[in-house]
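Enquirer: this one's sequence-less:
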């Protein structure tokens, strides 16, 4: 059974975010501030969280997102739950 | 997003049909308060205590799948389908004799009158504390990207 690597997780997150918020994938980079790049607010961040939880089949308490604003750190939070 | 009073409203209902993108949360602790409109007694009635403690003591939200797993939500449906499915489900409930349903609910959905009263008293007492005004002011004035987080 193969484990999902951090890079794979990061890539999947970027793909999901692009698709959900209808932003061209090539405009998203791992160290981007996702609030600015996606143009989303705190409630839309919860939508992203739900998408990620459903996709990765993990539970990520939203207090773990405190201070998280880039995709790479978000990926590490998800990876820690896989 | 079924947060705070919205969550309390959902807990009054007989069945919860959730959009797969729904989230549930009691953020009141983040503001120095507890839910004051029946949230805690109804959560206690409907869910396992560990889940209730997690929700109330961390102030976290959880998604529809978790809510169904915890026994809060009876159906999780595709995005945008919750209202339609809720109406179909309501129509199904409406087929049966109303008095029978009321009788059944006396057992399966008792109203925790005493605890509701206690919750209101505690809520009112907490609301007079300085921490609440400070919490509300911080929330209203916050420039944080995620002001709802503790």
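Expert: Good, I have the coordinates. In this text, all values refer to a predicted model and were calculated from it rather than measured experimentally.

Enquirer: When you work out contacts or count neighbours from here on, use the C-alpha atoms and nothing else.
Expert: Will do.

Enquirer: For the residue nearest to residue B:17 when sequence neighbours are not counted, give its distance to residue A:66.
Expert: Leaving aside its sequence neighbours, residue B:17 sits nearest to residue B:75 (Cα to Cα, 6 or more residues apart in numbering or on different chains; 4.9 Å). From residue B:75 over to residue A:66 the distance is 30 Å, taken as Cα to Cα, to the nearest Å.

Enquirer: quick one: which of those two has more around it?
Expert: Set residue B:75 next to residue A:66 and count neighbours by other Cα atoms under 10 Å in any protein chain shown: residue B:75 wins out with 18 against 13.

Enquirer: List phi and psi for that one.
Expert: With angles defined as degrees, to the nearest 10, residue B:75 sits at phi -140, psi 140.

Enquirer: I'd say it and residue B:68 touch.
Expert: Yes - Residue B:75 is in contact with residue B:68 according to Cα atoms under 8 Å; the separation is 7.0 Å.

Enquirer: Can you give me the end-to-end span of stretch A:16-28?
Expert: One end of stretch A:16-28 sits 11 Å from the other (Cα to Cα).

Enquirer: could you give the mean pLDDT of that stretch?
Expert: Stretch A:16-28 comes out with an average pLDDT of 95.

Enquirer: again with stretch A:60-80
Expert: pLDDT averaged over stretch A:60-80 gives 91.

Enquirer: Now do that stretch: distance to the chain's middle.
Expert: Its chain's C-alpha centre and that of stretch A:60-80 lie 7 Å apart, by Cα atoms, centre = their mean, to the nearest Å.

Enquirer: Give the buried residues for stretch B:104-115.
Expert: Buried residues in stretch B:104-115, counted by 16 or more other Cα atoms under 10 Å in any protein chain shown: B:109, B:111.

Enquirer: what about that stretch, how long is it end to end?
Expert: 21 Å.
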